[in-house]
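Trainee: Any chance you could fold what I've pasted below:
(4 chains)
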2 protein chains.
Amino acid sequence: MKIGELARTTGANIETIRYYERIGLLPAPHRTAANYRSYGEAHRSRLAFVRHSRDLGFTIEEIRSLLDLSDHPERECSEADRIATGHLEQVEAKIAQLEALRGELSRIVGRCRGGLAGDCRVIEALGDHALCESPHA
Amino acid sequence: MKIGELARTTGANIETIRYYERIGLLPAPHRTAANYRSYGEAHRSRLAFVRHSRDLGFTIEEIRSLLDLSDHPERECSEADRIATGHLEQVEAKIAQLEALRGELSRIVGRCRGGLAGDCRVIEALGDHALCESPHA
DNA sequence: CTTGACCCTGTAGTTGCTACAGGGTGCATA
DNA sequence: TATGCACCCTGTAGCAACTACAGGGTCAAG
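Mentor: Residues are numbered from 1 along each chain as shown, chains lettered A, B, ... in the order given. Next up is the predicted model:
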């Protein structure tokens, strides 16, 4: 299959696929006589793995390690679990941070009663961190 | 005050302050005879506004608009409210997305029982989106 | 008079793509 | 046969919002 079809069946962008190849995340496929990339099922499932992992928020370097494990089924699985657990913790931390932020923002937005910028509570609140209730950052 | 002191009193990085000046977010301050930047209270409060807004997750362009309003107190405040409300909505959307992600990730992590990578449920789950419960991306 | 802390400019790196520019290939249709 | 169109190629530059140098100048203390 050519790159366009691979892109369609995985939902990845063509440029992204070439980018993954360039950074060594995907192996370089065979080329046709016209120098077109030619992919097989192994490429498709590897790309699906990458896209799925990216959608779950793993970094490229984390995915590199996970792929490496996936290529060596005789190794121990603990590294994969460590990566996933660490990532989960980061996601939870990010959620907590965004929730604090949401709290401050909705307090700020709620204060606006319309009118002139000189009296604007939104702008006032942004200028003065002391008006915040919780440590959002 | 020199740039180092401004950085200390606002919590901003020196390089970041110069960066803000370069992109026109902060006005260029006076220079001493030795060509050092020399800041006053107006600079400090403007930078505090910017850092606070960044901590709340506003983009540079949003902050540009907010600063512009802050510089024109005779204008209407509605734009500030529109920006803040829009940003709040984005934060809420991001939280929802991360919560879906957390759900999938904790399901995936929970499946690992140790052992070899070849049998690893974490790696299996990453390779097969169909094993997911909810549409996380 | 030298050490150290501070300041300057300009440029390049970070992450994970995305968007061209400028060209080649392959197939169907007029 | 020409020609139009969809597709492919490489290489480079751009995005956000910084951060990190390299290579140099300034200034006060000991």
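
Trainee: When you work out contacts or count neighbours from here on, use the C-alpha atoms and nothing else.
Mentor: Noted.

Trainee: I'd like to check what contacts stretch A:26-35. Which residues are they?
Mentor: For stretch A:26-35, contacts defined as Cα atoms under 8 Å, 6 or more residues apart in numbering or on different chains pick out A:17, A:20-21, A:37-39, A:43, A:46-47.

Trainee: Ok, stretch A:17-24 next?
Mentor: A:3, A:7, A:26-28.

Trainee: Show me the residues you listed that map onto helices.
Mentor: A:3, A:7 (DSSP state H).

Trainee: For residue A:116, grab phi and psi.
Mentor: In terms of degrees, to the nearest 10, the main-chain angles of residue A:116 are phi -90, psi 150.

Trainee: That one pairs with what?
Mentor: With DSSP bridges applied, residue A:116 shows beta-bridge pairing to residue B:76.

Trainee: how much space between it and DNA strand C?
Mentor: Residue A:116 sits 36 Å away from DNA strand C, going by Cα to the nearest atom of the strand, to the nearest Å.

Trainee: pretty sure that residue is touching residue B:77, no?
Mentor: Yes - counting by Cα atoms under 8 Å, residue A:116 does reach residue B:77; the two are 5.0 Å apart.

Trainee: between the two, which one's more packed in?
Mentor: residue B:77 (25 against 16; other Cα atoms under 10 Å in any protein chain shown).

Trainee: Leaving out sequence neighbours, find the closest residue to the more buried one.
Mentor: residue A:117 (4.3 Å; Cα to Cα, 6 or more residues apart in numbering or on different chains).

Trainee: Name all residues that make contact with that neighbour.
Mentor: A:123, B:69-70, B:72-77, B:80.
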